[in-house]
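S.K.: Return atomic coordinates for the entry below.
(chains A, B, C and D)
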Number of protein chains: 2
Amino acid sequence: MQLLGRRPDAPLSEIASAAEVGRTTLHRYYPDRASLVDAISGEAAVRISAALQRAGLTEGDAREALLRASRELFDLGPVLSLVFGPLLSDRPEWRDTGDVEAALVEVVQRGHADDSINPALTPLWVQSLLWSMLYAADSYARDVAASRHQALAMVLCSLDGALRPPTRLSSSNGTNAKVQQ
Amino acid sequence: MQLLGRRPDAPLSEIASAAEVGRTTLHRYYPDRASLVDAISGEAAVRISAALQRAGLTEGDAREALLRASRELFDLGPVLSLVFGPLLSDRPEWRDTGDVEAALVEVVQRGHADDSINPALTPLWVQSLLWSMLYAADSYARDVAASRHQALAMVLCSLDGALRPPTRLSSSNGTNAKVQQ
DNA sequence: CGAGGATGGAACACTAGTGTTCCGTATCGG
DNA sequence: CCGATACGGAACACTAGTGTTCCATCCTCG
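M.R.: Numbering: from 1, shown residues only, chains lettered A, B, ... in the order given. Model prediction:
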């Protein structure tokens, strides 16, 4: 999963040796590349669903719920590169298995209702934001000399700020306050 | 650039026809794939530098400057996928041509000094954040039925919130306030 | 110990992409 | 109008990755 997430076009031989099995064995379980990718997509979907389950999206205010979800999702590590990278793009039927998508959209709408999420941000955008920031944090932790712990702290901090509705009496030096449309 | 940004492993034949030239002609200007990628990287670097130049990073407070930069960078369109995707990862010497990197780091440090950027966010993280959000906005505008204008509005809104230091007297329901470390 | 299953190395044919050469054609300037 | 230049199609050899088959080895359980 790690290798495929990072380099979706990695040759099967590399994947096999990364998994510490022979290419033949890999082929025995997944006859062709497509079935391997299917299996991995499925596994990713399961893990993501489980993570969201653990996060308890319906508890507390919506923004807190999303931050909890982010913690859980960040812990999935390599899975992040998978959902973000081209593997997902090539699977139109996916787009996060629908139910994940639905769950996230629902939280965001709740956030709009309970005023914990900036209403200027559409549910789908929040979702894009979530995945992209998690992915960024993951690669940040990998590339830069930084612990996953620090990366998590910063992504949570940033995400919280991004989602939070603008405080009415905060230093309104324009720029953001007047979001067109 | 568009095609290479989206699918870094696209065959040269596709690239050629996407550029509406014959594969032979493509080969005449760029003898092998590597030289093509080099040229495109260079072009991307130039455009990004120009965009940052236009943004006037040294004017106004640092956060505003970064938001201006985001507008300019977002207008680069396909270039975003390039810097974000694996093309950059495979070019260690790049990492945004150094001077772009340096300029951005400098703005963030200024933002820490003038208290317009949350000091909990390291310069490198802000940079990751910037690119990933711009990339997310670009694909959002492409995939979802949304105008680039709307996407831009949302990314600016989110980025502003993410960078802005937490207002000391804002509804501090924890979560973000106490950023560990 | 011995049979059965899992493993993985070796070799194979096959395909897609690459880089190259050659040559006919179109286009532009004098 | 003609020559120079750019274009691009066709064909080629070459490589890397794929999917398959075959077989030797190892491990485990009875």
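
S.K.: and chain A, which residues reach DNA strand C?
M.R.: With CB under 7 Å from any atom of the strand as the criterion, chain A meets DNA strand C at residues A:20, A:21, A:22, A:23, A:24, A:25, A:28, A:29. Every residue, glycine included, has its C-beta placed from N, CA and C.

S.K.: Find the pair from these with maximum spatial separation.
M.R.: Spatially, the most separated pair among the residues of chain A next to DNA strand C is A:20 and A:28, at 14.9 Å (CB to CB).

S.K.: more neighbours, those two?
M.R.: Using other CB atoms under 10 Å in any protein chain shown as the criterion, residue A:20 and residue A:28 rank with residue A:28 on top: 10 against 7.

S.K.: Sort out which residues of the helix or strand where that one lies are buried, please.
M.R.: Counting by DSSP states H and E, the element that carries residue A:28 is helix A:23-29. With burial defined by 16 or more other CB atoms under 10 Å in any protein chain shown, the residues of helix A:23-29 counted as buried are A:26, A:27.

S.K.: quick check, distance from stretch A:36-54 to the centre of its chain.
M.R.: Distance of stretch A:36-54 from the chain centroid (CA atoms, centre = their mean, to the nearest Å) equals 12 Å.

S.K.: Same check on stretch A:61-75?
M.R.: Computed by CA atoms, centre = their mean, the separation of stretch A:61-75 from the middle of its chain amounts to 10 Å.

S.K.: How about stretch A:79-88 and chain B, any contact?
M.R.: Yes: under the criterion of CB under 8 Å from any CB of the partner chain, stretch A:79-88 makes contact with chain B via residue A:86.

S.K.: Does DNA strand D have contacts with that stretch?
M.R.: No: shown here: stretch A:79-88 not in contact with DNA strand D (CB under 7 Å from any atom of the strand), separated by at least 13.3 Å.

S.K.: tell me the mean pLDDT over that stretch?
M.R.: In this model, stretch A:79-88 has an average pLDDT of 82.

S.K.: For chain A, give me the ranges with low pLDDT.
M.R.: Counting by pLDDT under 70, chain A has low-confidence residues at A:88-97, A:168-181.

S.K.: centroid residue for it?
M.R.: Centrality entry for chain A: nearest residue to the mean C-alpha point is residue A:131, 3.3 Å, by CA atoms, centre = their mean.

S.K.: can I assume that residue is in contact with residue A:84?
M.R.: Yes: between residue A:131 and residue A:84 there is a contact under CB atoms under 8 Å: 5.5 Å.

S.K.: for the longest helix that chain A contains, the distance to its chain's centre please.
M.R.: Secondary structure of chain A per DSSP state H: the longest helix is helix A:33-55. Helix A:33-55 sits 12 Å away from the centroid of its parent chain (CA atoms, centre = their mean).

S.K.: Would you indicate which residues of it are buried?
M.R.: A:36, A:37, A:40, A:41, A:44, A:45, A:47, A:48, A:51, A:52, A:55.

S.K.: Which positions in chain A make contact with DNA strand D?
M.R.: So far as CB under 7 Å from any atom of the strand goes, chain A lies against DNA strand D at A:11, A:12, A:13, A:23, A:24, A:27, A:31, A:32, A:33, A:34.

S.K.: Could you rerun that using 10 Å?
M.R.: Within chain A, the positions near DNA strand D by CB under 10 Å from any atom of the strand are A:9-16, A:22-28, A:30-36.

S.K.: Of the residues you listed, which are in range of chain B?
M.R.: Among these, chain B is touched by residue A:9 when using CB under 8 Å from any CB.

S.K.: can you tell me the helix or strand for residue A:151?
M.R.: Under the criterion DSSP H and E, the helix or strand holding residue A:151 is helix A:148-163.

S.K.: other SSEs contacting that helix?
M.R.: Using 3 or more CB pairs under 8 Å, 6 or more residues apart in numbering or on different chains; DSSP states H and E as the contact test, the elements touching helix A:148-163 are helix A:62-74, helix A:123-143, helix B:123-143, helix B:148-163.

S.K.: Show me what counts as buried in stretch A:5-18.
M.R.: A:5, A:6, A:7, A:8, A:15, A:16.

S.K.: Among the residues you listed, name the ones in helices.
M.R.: The helices, defined by DSSP H, take in A:5, A:6, A:15, A:16 from the buried residues of stretch A:5-18.

S.K.: Tabulate those (JSON lines), appending distance to residue B:152.
M.R.: Shown next, in JSON lines, are those (distance: CB to CB, whole Å):
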{"residue": "A:5", "distance to residue B:152": "29"}
{"residue": "A:6", "distance to residue B:152": "29"}
{"residue": "A:15", "distance to residue B:152": "39"}
{"residue": "A:16", "distance to residue B:152": "44"}
